[in-house]
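>>> Show me the folded form of this:
(one chain, ligands or ions: 1)
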Amino acid sequence: MYKAILFDLDNTLLDYTSSELDAMRRAIDHHRLPELSGFEWETFRAVFAPINWTYWSERVERQIHISQVLQYSFRDTLIQMGFDPSLSDPLASTYWKLFCSTCHVMEGAQNVLVSLHGHYPLGIISNGIGEAQRARLKTGGMDHYFDHLFISDEVGLWKPDRAIFDSAVRAFGVDHSEVLFVGDSLQDDYRGAASSGIDFCYYNSEGLTAGEAYTPKFAIQSLSELALLLNRSSF
Ligand SMILES: [Mg+2]
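Sure, this is the predicted structure:
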């Protein structure tokens, strides 16, 4: 019998992909980039994505703050596209404000939280930025469901490091065997939960084929299956 259910946040409960796209589009429009001769949204997206991913991946090691990750990403993208990079700081600032106040919820997330809340203590373990994750949950009216939030930049630990899972288990005052962790990433969520000895429920919304190296306790394609699985199971 599980005594706490913990979730990954991005692309498990909140639709990060839609929020990022939405905030980006609005920031670009706000600063009137589409009026520049030769500016194309698709090109901007294609150039921005790998630059941003590189700065994001290296931010901990290089001690780059999230605001700098964004500023540098916009700057390099504008330069690579042949535009004046002087707009990069205001663009980064506008994007971040919009992103933090934008909340797209994954299908079925509200329902599953309503059905579990009150029956299990609930928590979040997210490799994100506390300011954004907390604001987005609040915007989506979902913050009150959770007893504890473990957000990487606040606790200084990143999935799949088992230490962030161990911290969460300690906070709930339960055994590792009494926790179920739900997430969409085999790399960060499965590996971290597995190394911490926590059962993992793989939220595989796109029906991807997992390698044989991955043996999640459960796999679901929609969040509604999670509520059924917890109500019906007799473990
Ligand atoms: Mg995720």
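
>>> Could you list the domains of the chain?
4-15+105-232, 17-100 (automatic domain parsing).

>>> can you give me the mean pLDDT across the last one?
Taken as a whole, domain 17-100 has an average pLDDT of 96.

>>> just how off-centre is that domain within its chain?
With Cα atoms, centre = their mean, to the nearest Å as the basis, domain 17-100 stands 18 Å off its chain's centre.

>>> Output the set of residues of this structure in proximity to the ion.
Within the chain, the residues that sit near the ion (Cβ under 5 Å from the ion) are 8, 10-11, 184-185. Any C-beta I mention is one placed from the backbone N, CA and C, and that applies to glycine too.

>>> could I get the domains of the chain as JSON lines with mean neighbour count?
JSON lines is the format used below for the domains of the chain (neighbours: other Cβ atoms under 10 Å):
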{"stretch": "domain 4-15+105-232", "mean neighbour count": "18"}
{"stretch": "domain 17-100", "mean neighbour count": "16"}
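
>>> Please determine how far the residue lying farthest from the centre of the chain is located from the ion.
In the chain, counting by Cα atoms, centre = their mean, S37 sits farthest out from the average C-alpha position, at 34.9 Å. Separation of S37 from the ion (Cβ to the ion, to the nearest Å): 38 Å.

>>> Over to that residue. Which of the three states is it?
coil (DSSP: H, G, I helix; E, B strand; the rest coil).

>>> could you pull out the strands for this structure?
Using DSSP state E, the strands of the chain run over 4-7, 122-126, 148-151, 179-183, 199-203, 218-220.

>>> Identify the residues contacting the nearest residue to L87 once chain neighbours are set aside.
The shortest distance from L87 to any non-neighbouring residue, by Cβ to Cβ, 6 or more residues apart in numbering, is to H31 (5.6 Å). Counting by Cβ atoms under 8 Å, 6 or more residues apart in numbering, H31 touches 87, 90-91, 94.
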